[in-house]
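Enquirer: need a structure here:
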Amino acid sequence: MGTDELVTARPGQISASYFSLWLAAVGFLFLGLGNILAVVGSESYPSQLSWVFQAVGPVLIAGAVAFQARRLSSRVGKPAVYFLVIGLLMLGLCCLHLSATNELWLEKWWSNVAQGIWAIGLFSLSFSLIAIASHKQGQVQLVLDSQPTSTGAPKSRVTVEASFLALFSGATGYLLYAVGYVQNLEVHGGTRWSWTLQVSGCALLAVALYLHRKKLARQIGAPALWFAIAGALILALSSIPFVLDPQHYVNSTFWGQSFWTVWGAGALCPSVSALLVIQRKQKLGRQVTAQLLERSI
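Expert: Have a look, this model is predicted:
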């Protein structure tokens, strides 16, 4: 989720603070563990602790983005940051009532409230990427319209490195994922089409990261990138059984619990990515310090 926007456009320089990176790492950890803990306890609904973790995780990730809001806004525009923070908050708030009384998950109206707010959050994340694409288009147009200065340098520059194809792939991915959840509200357990949309949406998120792989790998490192891609693919994998036979697998305790576990594993991958970025930032910091010491001698 927007990992590339937490780093600067300069190769090898990570501008995100350690606090923001740790907050994101813990947030994804909570989100992943919250889903994995869903299989602990009752077979009918996730435990209260599971919902608490699922509620807190996205809120922490939103906090990580908020602490970088000023720097991010200068790169991708304020609307994109607003949509990103709101979307992440919605992903957490959708579990708030369930973390108070987890039995509400068995009531169709309350479970629909949770899934509906989750869908709103996904729509907001999609709008965030669309806003980034719009911001980039505006910057590109300014560069094309601006006259060179006396030094021959353009008056404007493009601060969004992601290609339009990568941005729209990610935006479409979140959009399809959201629509899939909306359709789950209409039919209990979802339909083959709704689960197909969710699988396709998550797969497109992986495609978006892959399309931006060269620049992302240069910024955050290849291991962090591939963990993020693996996370999106695992999220897609979690829903595949329900595409084959929705009603059969939804009503199966084993497959229902497997969904939570696999989805949780996918959510843990970005946490590993954030930890790897922290490690890379420390390494780069040591290299810069060593270079400064050499120059001072």
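Enquirer: Now do the helices in the stretch 1-150 of the chain.
Expert: 18-36, 48-67, 69-76, 78-93, 96-100, 108-145 (DSSP state H, counting those that start in this stretch).
Enquirer: Out of those, the one nearest T289 is which?
Expert: Closest to T289 of these is helix 18-36 (Cβ to Cβ; 15.2 Å). Using the backbone N, CA and C atoms, a C-beta is placed for each residue, glycine as well.
Enquirer: how about the closest one: buried residues?
Expert: For helix 18-36, the neighbour count (16 or more other Cβ atoms under 10 Å) marks 20-21, 23-36 as buried.
Enquirer: Run through who's touching that helix.
Expert: Residues outside helix 18-36 that contact it (Cβ atoms under 8 Å, 6 or more residues apart in numbering) are 6, 50-65, 67-68, 95, 260-261, 263-271, 274-275, 277-278, 281.
Enquirer: what are the phi and psi values for G221?
Expert: Here is the backbone geometry of G221 (degrees, to the nearest 10): phi 100, psi 140.
Enquirer: Which secondary structure elements does whichever strand or helix holds G256 sit against?
Expert: Following DSSP states H and E, one finds G256 within helix 253-296. Where contact means 3 or more Cβ pairs under 8 Å, 6 or more residues apart in numbering; DSSP states H and E, helix 253-296 is packed against helix 18-36, helix 213-220, helix 222-244, helix 246-250.
Enquirer: let's see 10 Å
Expert: Helix 253-296 sits against helix 18-36, helix 48-67, helix 213-220, helix 222-244, helix 246-250, with contacts defined as 3 or more Cβ pairs under 10 Å, 6 or more residues apart in numbering; DSSP states H and E.
Enquirer: and the angle for the fourth one with helix 213-220?
Expert: To tie it back to what came earlier, the one meant is helix 222-244. Here the directions of helix 222-244 and helix 213-220 differ by 130 degrees (axes from the mean of the first three to the mean of the last three Cα atoms, to 10 degrees).
Enquirer: helices or strands up against helix 222-244?
Expert: For helix 222-244, the packing partners by 3+ Cβ pairs under 10 Å, 6+ apart are helix 18-36, helix 164-186, helix 192-211, helix 213-220, helix 246-250, helix 253-296.
Enquirer: of the helices of the stretch 1-150 of the chain, which approaches I220 most closely?
Expert: It's helix 18-36; of those, that one is closest to I220 (Cβ to Cβ) at 10.1 Å.
Enquirer: Between helix 253-296 and that closest one, find me the angle.
Expert: Using the same axes, to 10 degrees: helix 18-36 against helix 253-296 is 170 degrees.
Enquirer: Just the C-alpha atoms of helix 18-36, please, in PDB.
Expert: C-alpha atoms of helix 18-36 as PDB (Å, rounded to 0.1, in the frame of the first residue of the first chain):
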ATOM      1  CA  TYR A  18      12.200   5.600  11.700                       C
ATOM      2  CA  PHE A  19       9.100   6.400  13.700                       C
ATOM      3  CA  SER A  20       6.800   6.200  10.600                       C
ATOM      4  CA  LEU A  21       8.500   3.100   9.300                       C
ATOM      5  CA  TRP A  22       8.200   1.300  12.700                       C
ATOM      6  CA  LEU A  23       4.600   2.500  13.000                       C
ATOM      7  CA  ALA A  24       3.800   1.000   9.500                       C
ATOM      8  CA  ALA A  25       5.600  -2.300  10.400                       C
ATOM      9  CA  VAL A  26       3.600  -2.700  13.700                       C
ATOM     10  CA  GLY A  27       0.400  -1.700  11.900                       C
ATOM     11  CA  PHE A  28       0.700  -4.400   9.300                       C
ATOM     12  CA  LEU A  29       1.800  -6.800  12.000                       C
ATOM     13  CA  PHE A  30      -1.400  -6.200  13.900                       C
ATOM     14  CA  LEU A  31      -3.500  -6.500  10.800                       C
ATOM     15  CA  GLY A  32      -1.900  -9.800   9.800                       C
ATOM     16  CA  LEU A  33      -2.000 -11.200  13.300                       C
ATOM     17  CA  GLY A  34      -5.600 -10.000  13.700                       C
ATOM     18  CA  ASN A  35      -6.700 -12.100  10.800                       C
ATOM     19  CA  ILE A  36      -4.600 -15.200  11.800                       C
END
